[in-house]
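Colleague: give me a model of this one.
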Amino acid sequence: LLRDGSAGAKENAARALRSLSFNAENKVAIVRAGALDPLVQLLRDGSAVAKEEAAGALRNLAVNAENQVAIVRAGALEPLVPLLRDGSAGAKENAARALRSLSFNAENKVSIVRVGALDPLVQLLRDGSAVAKEHAAGALSNLSFNSENQVAIVHSGALKPLKQLLRDGSRALRRVLLLP
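Modeller: Just a heads-up that it's a prediction; the model follows:
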C-alpha cells in the first residue's frame, strides 16, 4: 500500500506504521519488513498528510540505534530537510524529532550537517511551534558533540535563537539546551 495504493491508502498505511512503531519490538520488525524505502519515497512525493505520517513513522523508528543507521542508508535525510522548511506544522515537528534521534549516531551527526539541515533547524528555533523548537534544539545539541559541527552550528546563526530560548522557553526546552 505504501508503494502502489491510492493517496488515501498510502496515508493510512503510513499512519498505521507510525502507530505500530511506538512498540519497541515493532520498530525492528518494521525495518526488517522493508518499510524504510517506501516511507522515504513518501517523504519525497507523497501528499502533505503522507509526508507528515511518514516522518512520524521515521521519528518513532529512529529511537532504535540499529534503525538510525538503516534510516540514513535508506536516504531519509535528504527529504527530511525540506520538510523542516516547507512541511505542515506536524511534519516539521516530526522531521525535527527524527533528526534529533538520528543525530545520536556519530556518523549521522556529520551526514545531517552535510545535507543542509542546520539552517532549517535554526529557522525552527526562531519561528517553529514549541514542540518543533524543542526538537530542533535537541538535534542541534546532539549535533554539537562533533567538533566540526560546533563551528558550523555557530556559523549557522544558532547562538542568538538558542540564547532566546534559554531566556523565554519552557522548562523542558531549557533542560534540552542545558543537558547533553
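Colleague: give me the low-pLDDT residue ranges for the chain?
Modeller: 1-3, 169-180 (pLDDT under 70).
Colleague: what about the strands in it?
Modeller: In the chain, no strands are defined using DSSP state E.
Colleague: and the helices in it, which stretches?
Modeller: 7-20, 24-32, 36-45, 48-61, 65-73, 77-86, 89-102, 106-114, 118-127, 130-143, 147-155, 159-168, 171-178 (DSSP state H).
Colleague: ok, the residue nearest to residue 48 when sequence neighbours are not counted to residue 47 distance?
Modeller: Distances taken as C-beta to C-beta, 6 or more residues apart in numbering place residue 88 nearest to residue 48, at 5.7 Å, with adjacent residues excluded. Bear in mind the C-beta positions are built from the backbone N, C-alpha and C, glycine included. Distance, residue 88 to residue 47, by C-beta to C-beta, to the nearest Å: 11 Å.
Colleague: related to what we said a few turns ago, contact partners for the residue nearest to residue 48?
Modeller: 48, 51, 52 (C-beta atoms under 8 Å, 6 or more residues apart in numbering).
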